[in-house]
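[1] Mind folding the following:
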Amino acid sequence: MKKIFSFCRCYLYMNKWRLFFYVIISVVASLATLISPYIMGNFIDQLIAANNINFIFWYLGVFSAK
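    Here you go, the predicted model:
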C-alpha cells in the first residue's frame, strides 16, 4: 500500500484542490439524500393530522425545487 501511495503522491498533490472539491461535493450530495426521507416522513405525519391544505403546497415547492 505504501508503494501505491508513493507512486500516486505527486498526482494527488498536483490535484489536491480538485480532489478536495470532489470530496466536498460528495459529502453534500450524501447529506441531501439523507434529508429527503426525513422530509417525506414529516409530510406523511402532517397528512394524517391535516386541518388545511396549505402545507401540501409548501411541500410541493420544496420537492419541485430539488
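[2] Please make it C-alpha for all contacts and neighbour counts, starting now.
    OK.
[3] okay, residue 11: pLDDT?
    For residue 11, the pLDDT comes out at 83.
[4] helices and strands around the helix or strand where residue 58 lies, which ones?
    In the assignment (DSSP states H and E), residue 58 maps to helix 54-65. If you count contacts as 3 or more C-alpha pairs under 8 Å, 6 or more residues apart in numbering; DSSP states H and E, helix 54-65 packs onto helix 16-48.
[5] I'd like the average pLDDT over the helix it packs on.
    89.
[6] ok and that helix relative to helix 54-65, angle-wise?
    Per axes from the mean of the first three to the mean of the last three C-alpha atoms, to 10 degrees, the angle that helix 16-48 makes with helix 54-65 is 160 degrees.
[7] how about helix 16-48: buried residues?
    Residues of helix 16-48 classed as buried by neighbour count (16 or more other C-alpha atoms under 10 Å): none.
[8] Which neighbouring elements make contact with that helix?
    helix 54-65.
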